[in-house]
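*Asks:* Return atomic coordinates for the entry below.
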Amino acid sequence: MDPAVALLRSLAPGTRVVVRHRLGEGFTDSLGDLLGVDDHECTVRTRRGDDVVRLSAVFAAKTVPPPPPRRPRR
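*Replies:* This next block holds a predicted model:
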């Protein structure tokens, strides 16, 4: 099994992750909270919405720290 997919399967829902996956001819990243993983795909809640990523397209994955606090308005 691919180490990146094994990592995703071992993480609890709600863990903040970045998942690099193939998209067409290149790669893209999904950064956010891992919602779940099944036999064929994982779902990452990003700022733009939920990204459903095929596990066969996953190239790399890792946990990341929480985002920094928002700066107050001036």
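
*Asks:* for this structure, which strand is longest?
*Replies:* Of all the elements of type strand in the chain, the one with the most residues (DSSP state E) is strand 26-37.

*Asks:* which is the next helix or strand following that strand?
*Replies:* Counting by DSSP states H and E, the next helix or strand C-terminal to strand 26-37 is strand 41-46.

*Asks:* In its sheet, which strands sit next to that next one, and in what direction?
*Replies:* Taking DSSP bridges as the criterion, strand 41-46 forms sheet pairs with strand 26-37 (antiparallel), strand 49-54 (antiparallel).

*Asks:* returning to what we had before: got the CA coordinates for the longest strand of the chain in PDB?
*Replies:* Output in PDB follows, covering the C-alpha atoms of strand 26-37 (Å, rounded to 0.1, in the frame of the first residue of the first chain):
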ATOM      1  CA  GLY A  26      -0.200  18.000 -13.200                       C
ATOM      2  CA  PHE A  27      -0.800  18.000  -9.400                       C
ATOM      3  CA  THR A  28      -2.800  20.000  -7.000                       C
ATOM      4  CA  ASP A  29      -3.100  20.200  -3.200                       C
ATOM      5  CA  SER A  30      -6.100  19.900  -0.900                       C
ATOM      6  CA  LEU A  31      -5.500  21.600   2.500                       C
ATOM      7  CA  GLY A  32      -8.000  21.300   5.300                       C
ATOM      8  CA  ASP A  33      -9.700  18.900   7.700                       C
ATOM      9  CA  LEU A  34      -9.900  15.200   6.800                       C
ATOM     10  CA  LEU A  35     -13.600  14.300   6.900                       C
ATOM     11  CA  GLY A  36     -13.200  10.600   6.100                       C
ATOM     12  CA  VAL A  37     -11.600   7.900   4.100                       C
END
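
*Asks:* Any buried residues in that strand, and which?
*Replies:* 29-30, 32, 34, 37 (16 or more other Cβ atoms under 10 Å). Just so you know, the C-beta spots here come from the backbone N, C-alpha and C atoms, and that holds for glycine as well.

*Asks:* what about that strand, distance to the chain center?
*Replies:* Here strand 26-37 is found 2 Å from its chain centre; the criterion is Cα atoms, centre = their mean, to the nearest Å.

*Asks:* could you give the mean pLDDT of that strand?
*Replies:* Mean pLDDT, strand 26-37: 97.
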